[in-house]
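>>> Quick check, what structure comes out for this input:
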Amino acid sequence: MVMRYVLSIDQGTTSTRCIVFDQRGRLVSVAQREHRQYFPRPGWVEHDAVQIWRNLERIAPEALSQAGIGLDQVAAIGIANQRETTLLWDRHTGEPIGRAIVWQDTRTDALVDEFAARPDASMVQKRCGLPLATYFSAPRIRWLLDRTPGLRERAERGDVLFGTMETWLIWNLTGGPEGGLHVTDVTNASRTLLMDLASLAWDPDLLDFFGVPRAMLPQIRPSTETYGLASRVLPGVRIGAALGDQQAALFGQTCFAPGDAKCTYGTGSFLLLNTGHEPVRSSHGLLTTVGYQVGDEPAVYALEGPIAITGALVQWFRDGLGLINSAPEIETLARSVDDNGGCYIVPAFAGLFAPHWRSEARGVIVGLTSYITKGHLARAVLEATAWQTREVVDAMNADSGLALRTLKVDGGMTADNLLMQYVADVLDVPVVRPMVAETVSLGAAYAAGLAVGYWADLEGLRQNWYRAAQWLPSMEPERRATEYDNWHRAVERTFGWMKSAD
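Residues are numbered from 1 along each chain as shown. Below you'll find the model as predicted:
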């Protein structure tokens, strides 16, 4: 009998990976290629979508070769992607209209202020579950339409297409200009400010509010469904799933029951709580979003707290300051001191996301004295991630009426034991990491495998989940309270730094 596998494509903020998984959810092979980050102005972040597609063309065959398998052994392809990153391209040539505008980008802050000042602005969050913020796709689409001569007319004719990165990859995989499928899934559509959370359809009033032509938008499909067959790179293989990366991690962590929560620690960090089949509206600065939709079943919703800068702060500590040579060194350096020495770093490099939503905020280092060494700074870097997690968990507990009992974690930063212990300490709950750390990729694989019958049901996926590590809280309550108060005072000093400008 020929062994079958599922191929996961994880199109992330810094790289694209292809991972082959077997039926027990075990990683068989991985191929990865980074893409360039462009920072043309302060607050601007861009990617070259053609480079990302070319990278996929190279690494998909490489992953199959490493696994020693052929196309006939791939049951399905699942795609996970950086979510709000916005791309426009020409339907007929496949050429992008400039570079993709990345989710971290804040160039639309003045435009968002204009939208927020409108008398009908409150309608936006009521319909789509998201606050007006630079984080999401719709203001970026409008920004591009306003600043590129003739682009709006082309978009209204359907000659220019919009997509997040999974849409771009599916379109290219299924033929590109020669009949490529223009689709997105409900999780990615829910991040645009343009989809009605209840109907899971593009909302005419939201399209009108943001001035986005309907003709340029992809068809919205369930997260788990056979969209079509690839005709390029992986010809003949079924594309069975697409999810935004954080929803894919929720799926990969098998958070299938209301109250299950996970946090993915990567470039940014993202905490999601499964709230079941009814959306929970946040009054504490969180996002109401779609968690996933399996075929024709009702959608599962989630509360989300996105944190813009966590792993990126370690990267800045390494590349921007040159204080370490590799990311893992930060744990060793942080362990060279007993505490942060009274120093706190708030990494509002591109504003603050949940629960504050302050696009004008900028990063600060407070509490500097001559006593502070690079060891104290390293510890402050790690602690910043933990305290930002605490802020989100507090908001989530308040919105959901639940008290978080356990936090499932994944992502590259979970290899840092000091950080994970500190997260457990500041949350005062156990933190657990699964055997398979690549939960974004695994979630996309699980969803694709479900679509084609490779896995039978969600319960079968739960049985694949095994704990690899656990951290239990050990911090004294008095110290936790004092440190959290200091953190809040540091955060307040980031507010109001930037003035909006075109």
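>>> how about low-confidence regions in the stretch 51-200 of the chain?
The stretch 51-200 of the chain contains no residues with pLDDT under 70.
>>> ok, which stretches of it are strands?
Remark: strands assigned in the stretch 51-200 of the chain by DSSP state E, counting those that start in this stretch are 74-81, 87-90, 100-101, 160-163, 183-185, 195-196.
>>> hmm, who's touching the last one?
Where contact means Cβ atoms under 8 Å, 6 or more residues apart in numbering, the residues beyond strand 195-196 that reach it are 127-128, 186, 189, 201-203, 206, 220. Bear in mind the C-beta positions are built from the backbone N, C-alpha and C, glycine included.
>>> make it 10 Å
By Cβ atoms under 10 Å, 6 or more residues apart in numbering, the residues outside strand 195-196 that reach it are 126-130, 138, 184, 186, 188-190, 201-206, 217, 220, 290.
>>> Deepest in the core, which of the strands of the stretch 51-200 of the chain is it.
Most buried of those, by mean neighbour count (mean count of other Cβ atoms under 10 Å): strand 74-81, with a mean of 28.
>>> which parts of the helix or strand bottoming out on mean pLDDT in the chain are buried?
Using mean pLDDT, DSSP states H and E, helix 458-462 stands out as the lowest-scoring helix or strand of the chain, at a mean of 88. Neighbour counts using 16 or more other Cβ atoms under 10 Å place residue 461 of helix 458-462 among the buried residues.
>>> In PyMOL, select just the buried ones from the contacts of strand 195-196.
In PyMOL syntax, the buried subset of the contacts of strand 195-196 is picked out as below (16+ other Cβ under 10 Å):
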select buried, resi 127+128+129+130+138+184+186+188+189+190+202+203+206+217+220+290
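>>> sorry, back to before: now tell me what touches the least confident helix or strand of the chain from outside.
23, 25, 251-252, 254-257, 294, 442-443, 446-447, 449-450, 455.
>>> Among the contacts of strand 195-196, which are located in helices?
Using DSSP state H, 126-128, 138, 186, 188-189, 204-206 are the members of the contacts of strand 195-196 that sit in helices.
>>> closest to residue 377 among those residues?
Comparing the ones in helices among the contacts of strand 195-196 against residue 377 with Cβ to Cβ places residue 188 closest, at 36.8 Å.
>>> so what's the closest one up against?
So residue 188 contacts 79-84, 137, 163-167, 195, 218, 220, 223, 242-245, 247, 290 (Cβ under 10 Å, 6+ apart).
>>> Look up how far residue 163 lies from it.
Distance of residue 188 to residue 163, given as Cβ to Cβ, to the nearest Å: 9 Å.
>>> ok, now residue 145?
Taking Cβ to Cβ, one finds residue 145 at 15 Å from residue 163.
>>> how many neighbours does the residue nearest to residue 258 when sequence neighbours are not counted have?
If the residues on either side of it in the chain are set aside, residue 258 comes closest to residue 276, at 3.9 Å by Cβ to Cβ, 6 or more residues apart in numbering. Counted with other Cβ atoms under 10 Å, the neighbours of residue 276 add up to 14.
>>> so who does residue 276 touch?
Residue 276 neighbours (Cβ under 10 Å, 6+ apart): 257-259, 291, 298, 300-302.
>>> Can you turn the buried part of these into a PyMOL selection?
PyMOL command restricting those to the buried ones, with burial defined by 16+ other Cβ under 10 Å:
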select buried, resi 258+291+300+301+302
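>>> Does residue 353 touch residue 305 like I think?
Yes - under the criterion of Cβ atoms under 10 Å, residue 353 makes contact with residue 305 at 7.8 Å.
>>> shared neighbours, these two?
Counting by Cβ under 10 Å, 6+ apart, the residues touching both residue 353 and residue 305 are 269-270, 285, 287, 388, 392.
>>> Give me the subset of these lying in strands.
Taking DSSP state E, the ones among the shared contacts of residue 353 and residue 305 that sit in strands are 269-270, 287.
>>> Of those residues - the most surrounded one?
residue 270 (28 neighbours).
>>> Show the contacting residues for the residue nearest to residue 43 when sequence neighbours are not counted.
The shortest distance from residue 43 to any non-neighbouring residue, by Cβ to Cβ, 6+ apart, is to residue 106 (4.1 Å). Shown in contact with residue 106 (Cβ under 10 Å, 6+ apart): 42-45, 112, 133-135, 308, 349-351, 359-360, 498.
>>> What is the burial count for residue 478?
Around residue 478 there are 8 other residues, counting by other Cβ under 10 Å.
>>> mind checking which helix or strand it is in?
Here residue 478, judged by DSSP states H and E, is contained in helix 477-492.
>>> Ok, residue 396 next?
Using DSSP H and E, residue 396 falls in helix 374-400.
>>> just how off-centre is that helix within its chain?
Distance of helix 374-400 from the chain centroid (Cα atoms, centre = their mean, to the nearest Å) equals 18 Å.
>>> who does whatever helix or strand comes next after it touch, helix- and strand-wise?
Sequence order places strand 407-410 as the next helix or strand after helix 374-400, per DSSP H and E. Judged by 3 or more Cβ pairs under 10 Å, 6 or more residues apart in numbering; DSSP states H and E, the packing partners of strand 407-410 are helix 245-252, strand 261-265, strand 269-276, helix 374-400, helix 417-427, strand 431-434, helix 439-451, strand 467-471.
>>> Residue 481 is nearest to which of those?
Using Cβ to Cβ, the helices and strands packed on strand 407-410 put helix 417-427 closest to residue 481, at 10.4 Å.
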